[in-house]
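[1] give the three-dimensional model of this entry:
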Amino acid sequence: MKHYLILVLVFFCFWATTAQDVVGVDAETKLKISIKGLFQGRYSFSSHKDIDLTGLQHTDGEAIYNSFEIKRARLQFTSKISDRTEVSLLLNLADFKSDPKNKVLENAYITYRLNPYINLKMGQFRPAFGLEDMYPVDVIKSMDYSNQYTAFGNNGWQSFQIGASVYGNLNTELPIRYEFSVVNGNNRNQISDNDNGKHFSSRIETVIDKKTNLKFGINGGLGSVKAGDIYAAGVDVSGVFPLAEKWSLITEAEFKQGNNQTLYYSLDSLQRRGGVGQYQMRGLYVLPNLRYDINYHRLSSLEFSCRYEYFDQDFRHSSNPRQTWTPMLSAEFLKSYNARIQFGVVIERYKRNIAETTQYRNELFIIQVQSRL
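    Modelled structure (predicted):
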């Protein structure tokens, strides 16, 4: 039955984007193309000379513990081909610095706006499954996305996936934004799905208080991987709280739990204990950000944040909880983070250190500059 639902969604996307030309509504609409860009460069160094920049502990003393790096060099193309239809492409040229296979191309999708309540999307995009899917990385209030975002992305729920979705806004007493997605779940730039299973996910977000933009979100998903059933679920909250004339506190928090099929299938069959449903991960983060709107010459604001994260990739078996603190000081120049300098420390702590793995305590210092074009 679920395969027929997918076919209906795909057919609806195709019909909606072509029907307008049949009736000739947009025949005179001019093609509009916008180009945007992002540069992020950083210098990082580890506080321990036997731990490299990926967090891997070396016993032979051969760790590369400091380096300059181009983190992102993005180009975004958006083409408005009618008053209802847009095509978006997002490339990260910095991915060419290593093996570009399954990299470089991040977004590649078409959207169709039927009305404010129903919008359709198909291609490669980030399905809505949490707070961090609601904004790009260049406006994040920390050094990068959270550990749980990376883990749930590797398991097909977040980050760049291939599929289709329907989303929109409902003008109820409490404004609601929703999105329902179906994706392959094997990450970006794949030739095809690696099995016949799909990830079905949803997000519903409502504004509880307009004055503080206090939002509450619920995320849930079901799927199958190689005939094994999987799930993921989470809740989140965010808001902006004015403190004084130029001071505000921007806060977000999120909790997620779900199966870790990536870990399960990476193990030898003799190492597995139970089915894929027994391998579960969960994570929590809290991110308060204190902002001072200074507006002095080209300096727009100063921000200080300190994100706390708790993440356990397999809490039912080989549990080794990871706790991460990321204090960060940020200076914003111009407006909307068009120019930004960040200094932060990623402090990693594990319940137990495991030699020659990334599960080892460490402090990574980062100085990052970014410019939005």
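
[2] may I see the buried residues of stretch 236-255?
    Buried residues in stretch 236-255, counted by 16 or more other C-beta atoms under 10 Å: Asp236, Val237, Ser238, Gly239, Val240, Ser248, Ile250, Thr251, Glu252, Ala253, Glu254, Phe255. C-beta here means a position set from N, CA and C on the backbone, and glycine is covered the same way.

[3] and for stretch 69-87?
    Neighbour-count burial for stretch 69-87 [16+ other C-beta under 10 Å]: Lys71, Arg72, Ala73, Arg74, Gln76, Thr78, Ile81, Ser82, Arg84, Thr85, Glu86, Val87.

[4] what about that stretch, average pLDDT?
    In this model, stretch 69-87 has an average pLDDT of 95.

[5] contacts for it next, please.
    If you take C-beta atoms under 8 Å, 6 or more residues apart in numbering as the criterion, stretch 69-87 is touched by 17, 20, 25-26, 29, 31-44, 53, 88-94, 97, 106-107, 109-114, 137-138, 368.

[6] hmm, which of those residues are the buried ones?
    Neighbour counting by 16+ other C-beta under 10 Å classes 17, 20, 38-42, 44, 53, 88-92, 94, 106-107, 109-113, 137-138, 368 among the contacts of stretch 69-87 as buried.

[7] would you mind listing the two of the buried residues of stretch 236-255 that lie farthest apart?
    Ser248 and Phe255 (24.2 Å; C-beta to C-beta).

[8] ok, back up a step: let's have the buried residues of stretch 69-87 in a markdown table, adding distance to Val207.
    Output for these, formatted as a markdown table (distance: C-beta to C-beta, whole Å):
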| residue | distance to Val207 |
| --- | --- |
| Lys71 | 32 |
| Arg72 | 30 |
| Ala73 | 35 |
| Arg74 | 29 |
| Gln76 | 27 |
| Thr78 | 26 |
| Ile81 | 31 |
| Ser82 | 30 |
| Arg84 | 26 |
| Thr85 | 28 |
| Glu86 | 25 |
| Val87 | 30 |
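
[9] distance to Phe304 and secondary structure for these - can I get that in a markdown table?
    A markdown table is the format used below for the buried residues of stretch 69-87 (distance: C-beta to C-beta, whole Å; DSSP: H, G, I helix; E, B strand; the rest coil):
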| residue | distance to Phe304 | secondary structure |
| --- | --- | --- |
| Lys71 | 21 | strand |
| Arg72 | 23 | strand |
| Ala73 | 27 | strand |
| Arg74 | 26 | strand |
| Gln76 | 29 | strand |
| Thr78 | 33 | strand |
| Ile81 | 43 | coil |
| Ser82 | 44 | coil |
| Arg84 | 43 | coil |
| Thr85 | 42 | strand |
| Glu86 | 37 | strand |
| Val87 | 39 | strand |
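
[10] which one of these is nearest to Glu62?
    Lys71 (23.7 Å).

[11] for Asn92, see how far away the closest one is.
    Lys71 sits at a distance of 9 Å from Asn92 (criterion: C-beta to C-beta, to the nearest Å).

[12] what's Ala151 in contact with, if anything?
    Asn260, Met281, Gly283, Phe311, Gln313.

[13] what about it? Give its phi and psi, please.
    The phi/psi pair for Ala151 (degrees, to the nearest 10) reads phi -70, psi -50.

[14] now swap in Thr150 and tell me
    phi -60, psi -40.

[15] residues in contact with the closest residue to it other than its chain neighbours?
    Leaving out its chain neighbours, the residue that sits closest to Thr150 by C-beta to C-beta, 6 or more residues apart in numbering is Ser159, at 7.6 Å. Ser159 is in contact with Arg126, Tyr149, Thr150, Phe152, Gly153, Asn187, Arg188, counting by C-beta under 8 Å, 6+ apart.

[16] looking at these, which is nearest Ile218?
    Phe152 (15.0 Å).

[17] coming back round to it: and the contacts of Ala151, which of them are buried?
    Asn260, Met281, Gly283, Phe311, Gln313.

[18] from Met134, how far off is the nearest residue to the last one once chain neighbours are set aside?
    Once flanking residues are discounted, Gln313 sits nearest to Met281: 4.8 Å by C-beta to C-beta, 6+ apart. In this structure, Met281 and Met134 are separated by 22 Å, where distance is defined by C-beta to C-beta.

[19] go through stretch 213-222 and flag the buried ones.
    By neighbour count on 16+ other C-beta under 10 Å, the buried set for stretch 213-222 is Leu214, Lys215, Phe216, Gly217, Asn219, Gly220, Gly221.

[20] no more questions from me, cheers.
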